[in-house]
Every structure is written in structure tokens, then in C-alpha cells.
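Give me the fold of what follows.
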Amino acid sequence: MIKTPNFWLTKNFISNLLLPLSFVYQIIFFFKKKFAKKRVVKIPVICIGNIVAGGAGKTPVAIEIGKILNIENIKFCYLVRGYKRKNSSEILYISKPNQMTAEITGDETLLLAEISPVVVSKNRFLGYQKIFSQNKFKLIVMDDGLQNFQINYDLKILVVDSKIGFGNHRLMPAGPLRQNLKNIANEIDFFIIIGEKNVLIEQEIKQLNAHAKILPATIKAENISQFQNQKIFAFCGIAYPSKFFEFLKSNNVNIEKHQAFKDHHFYSENELNKLIEEAKQNNLTLLTTKKDWIKFPKKFQDEISFLDINLEIENKHLIKNFINNIIHEI
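Reported below is the predicted structural model:
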């Protein structure tokens, strides 16, 4: 199964071999940005993104920002691409989490829909038009859009995983970068770094943007205690599965067996039945991420547990104040 390649984390033979393709990628990206037709929109847009392919933690940040907006009684709508969904050309409006399946909307969409309505559109401007036509939202939160140049953003948040950082600092496919940090650093309003403090990452950001607002953030598992006295069979289909397994181990969870699937994997009933049967035979508790669990049919959700996490952002009042200023400028 294809997973996020390990060679993206270091400069090695395979990475060197792919460098010519990275130069091609850089040229294509340059022209994409240069000739993009950017549209001015009438609703403020918060863009939450990363520059590393794979999971940096965009969706947990988008969920936490959504919670802030709900507390502030600011009516907003998420705008997402809906990665890996069926019929990707269709524009969807999801007003409640159980309205559609992950195959139709994309897995992250269902997580966001628990917080607020979501519009799914590969074309972000057409997605904006769908939101605007609802005539009830004061703000748009875009999950993943720093490499999209179709509309203007009023607030840009760059999410960084403190362990992965910027990998080997090379562009795809020789490395994980979707664009160079130096080309975007001065455009970012907030850098949210998830995980243990990493001085090197902070220094790298500060060298490129001396006035950078860096906010540390920590993943907290709400239900971790119920798994600490059990033998666990952990599995997931995320970009960096080791992050999930290592998080469990660091919280004293006894992982007897683990299995990784490709990122955004859609599980067949046969796969889920095999996982359940193997867990029963070895007297293990199946545990996965909520991003995986939310894609399962109801009968499998009853058989499989998920780790319920929250993101705690330090000094998040700075983001709240920034958003309120945007709203009041309208």
C-alpha cells in the first residue's frame, strides 16, 4: 500500500534522484500562481493550510477555529475540496454531519460538519458562490488552501507539525514541500506549531519573518484513559501513521499490534471484518483515529473504538481578536 514516503524526511539517494522532477514541479507551481485569476469575495475568508504534503494537523486547527467562532456567535461555513471523494466535480452543501457519507464528501468534511455547515467544491470560487447564495454566513473557513489562488484571504494560518517540520526541505516529489517556506513566510498571519517545542523550526520561521506570530498547540486525547488498561490493536489510514502509534505509546497505551493503511483510505467491509476477527482471536481492542472511524458503516462503528482528540492552542485569544477585527471591518 502507498503511504507517505519516509525518504521525504531526509536528503538521500532516492530524494536526490527525484530532484529534477522537483524543479519541474517548481516551474509548474510558479506559472500556476502567476496566471491564476484571483477573485475578490464579499465574505471574509480564513485560510488554514500547510506547505507539507500529508498530515500536519490542518483539520484539528479548523475544528478549533470553528469552536472559537461558535463561542463568539459568528455564523460561518467551512469550504473544503473534499479530497478523494467520488464525483469531485459536484458542489455539495452539507448542513449536518450525517447528511452524506465520506465517499461522497471526503472524510475530513464529516468531521468539520459536526461543528458547522460545509461546502465541498474543487473550484474554491464556485464554492464561495454557493456559500454566498445561502445569505446567512459572516465568515468562511477554508481547510487547506494556501496553494490555491482563486480567491483572496483575510487571514492565513500555516500549520506545522513539530516533529515532521518541513521534512528534507525539498519540493515534491523529492521532498514533502508543496511550496517553499521562504516564498510564503511573510504572507502568514499565524504559524501554529503542533507538538513538542521545536526551537529549530521557530528559528527558521523567524529568520524569514521576524514578526511572525507563532502559537504552540498540543493534541489532547479526551478518552485516552479507557484504553490504558487494555491490549490494543491500533490501525489508521493517515499520512504519517507513526504519529498515531507513537502518541498512544507516549500515553501508556499497550499496543500489541498495529497496522497502517494509505492516507484517506476507504475501508472495505471485508477489511473491517478481518480487523475485527483478528482482534477477537487475540483478545485485543481495536482502536483507530476519528478520521478513519467516521468513514465506517454504523455496524462497524459499534465494533471499533476511536481516539477522541482536541487541539489546545496557546494564546488563541490573538486569533479571536484578529477575527473580530475582520468582522467589524465589514
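
looking at this protein, which residue lies furthest from center?
Largest separation from the mean C-alpha position in the chain: residue 281, at 34.3 Å (CA atoms, centre = their mean).

pLDDT on the lengthiest helix in the chain, on average?
For the chain, the longest helix by residue count, based on DSSP state H, is helix 13-34. On average, the pLDDT along helix 13-34 is 96.

ok, residues contacting that helix?
Residues from elsewhere that reach helix 13-34 (CB atoms under 8 Å, 6 or more residues apart in numbering): 5, 7-8, 147, 149, 168, 170-175, 178-179. For the C-beta atoms, the positions are set from N, CA and C on the backbone; glycine is no exception.

In this structure, what residue spans correspond to strands?
Using DSSP state E, the strands of the chain run over 45-49, 76-80, 92-94, 118-120, 139-143, 155-161, 190-194, 214-221, 231-236, 254-260, 285-289, 305-307, 309-313.

Go through the ones you listed and name the closest to residue 101.
Smallest distance to residue 101 across the strands of the chain (CB to CB): 10.8 Å, for strand 92-94.

Outside of that closest one itself, list whatever touches it.
Applying CB under 8 Å, 6+ apart, the external contacts of strand 92-94 come out as 82, 100, 104-105, 109, 113, 117-121, 130, 134.

repeat for stretch 235-243
With CB under 8 Å, 6+ apart as the test, stretch 235-243 has contacts from 3-4, 53-55, 161, 163-164, 244-245, 258-265, 267, 275, 286-289, 291-292.

Which of the contacts of strand 92-94 has the largest number of neighbours?
Most neighbours among the contacts of strand 92-94, by other CB atoms under 10 Å: residue 118, with 31 neighbours.

quick one: contacts for the nearest residue to that residue once chain neighbours are set aside?
Nearest non-adjacent residue to residue 118, counting by CB to CB, 6 or more residues apart in numbering: residue 78, 4.2 Å away. Residue 78 sits next to 62, 66, 109, 112-113, 115-119, 140-143 when contact means CB under 8 Å, 6+ apart.

Out of the residues you listed, which comes closest to residue 214?
residue 62 (18.6 Å).

gap between that closest one and residue 143?
According to CB to CB, to the nearest Å, residue 62 stands 4 Å off from residue 143.

Kindly report the same for residue 260.
Noted for residue 260: a distance of 23 Å to residue 143, by CB to CB.

Settle it for me: which of the two has more neighbours?
Neighbour tally, residue 260 and residue 143, criterion other CB under 10 Å: the higher count belongs to residue 143, 27 against 19.

if we can go back for a sec, what's the farthest-apart pair in the contacts of strand 92-94?
104 and 134 (19.6 Å).

For the residue nearest the centre of the chain, give me its contacts.
Nearest residue to the geometric centre of the chain (CA atoms, centre = their mean): residue 58, 3.1 Å. Residue 58 is in contact with 48, 49, 50, 143, 144, 159, counting by CB under 8 Å, 6+ apart.
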